[in-house]
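Asker: this is a predicted model, with the sequence first.
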Amino acid sequence: MSRIGKKPIDIPAGVDVKLTDNHVKVKGPKGELEWTYPSETKVSINDKQLLVERISDEKRIKALHGLTRKLISNMIEGVTTGYKKVLDIVGVGYRAQVQGKKIMLSLGYSHPVEFNLPEGITAVMDQKQIQITLTGIDKHIIGQAAADLRSLRKPDIYKGKGVRHSGERMKLKVGKAGKK
């Protein structure tokens with residue numbers, strides 16, 4: 001049996017989970033999320049705990065068992081505490097500004113780059129305009145927005161300039177002069 005899939009999910013106070021045929025809807029203090037889970041899995045609620053079971057022992061269905069449990073767990077965590085990703089902008093003259101639902105980035109190109117935030121995501125800048133904090137309730141959308149922002153100017157392997165996740169470690173390469 002899947003080690004992740006067999007664990008029950010505790011439903012905290014203030015969170016409402018509704019199940020209808022292959023559809024789960026989670027409502028909490030921060031918002032509401034819904035998802036249609038695979039028909040090969042069975043989801044049930046017993047005493048403020050949510051259980052995910054599978055209908056057979058095929059390899060694909062075993063994988064869906066753990067995946068379904070983790071995605072529903074992420075939904076419950078998202079509507080209670082939320083998620084956040086922090087991105088650092090490294091480089092001389094590289095900075096960003098948040099303007100409503102847009103982020104204007106100056107990343108060394110000849111023009112400023114405009115990034116539209118997805119629905120449900122908010123961005124906050126620090127005082128020096130070199131750190132972006134993305135917050136929201138959907139873990140998938142937050143991660144995808146952070147990846148899209150990072151792809152606008154990936155960190156350079158020689159100087160380290162670009163947009164990177166906070167805490168991301170880079171091993172810089174030595175240039176031509178260091179090769180001797």
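Answerer: Thanks, I have the structure now. Numbering: from 1, shown residues only.

Asker: how is this protein partitioned into domains?
Answerer: 9-80, 83-165 (automatic domain parsing).

Asker: just send these back as a markdown table, with mean neighbour count too.
Answerer: Using the backbone N, CA and C atoms, a C-beta is placed for each residue, glycine as well. Converted to a markdown table, the domains of the chain look like this (neighbours: other CB atoms under 10 Å):
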| stretch | mean neighbour count |
| --- | --- |
| domain 9-80 | 16 |
| domain 83-165 | 16 |
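
Asker: and of the ones you listed, who's closest to residue 3?
Answerer: Of all those, it is domain 9-80 that lies closest to residue 3, at 7.6 Å by CB to CB.

Asker: any idea which helix or strand carries the residue nearest to residue 7 when sequence neighbours are not counted?
Answerer: Taking CB to CB, 6 or more residues apart in numbering, and ignoring the residues beside it in sequence, residue 7 has residue 69 as its nearest neighbour in space, at 6.8 Å. Applying DSSP states H and E as the criterion places residue 69 in helix 59-80.

Asker: same question for that helix, mean pLDDT?
Answerer: Throughout helix 59-80, pLDDT has a mean value of 92.

Asker: residue nearest the centroid of this protein?
Answerer: For the chain, the residue nearest the mean C-alpha position is residue 143 (3.0 Å; CA atoms, centre = their mean).
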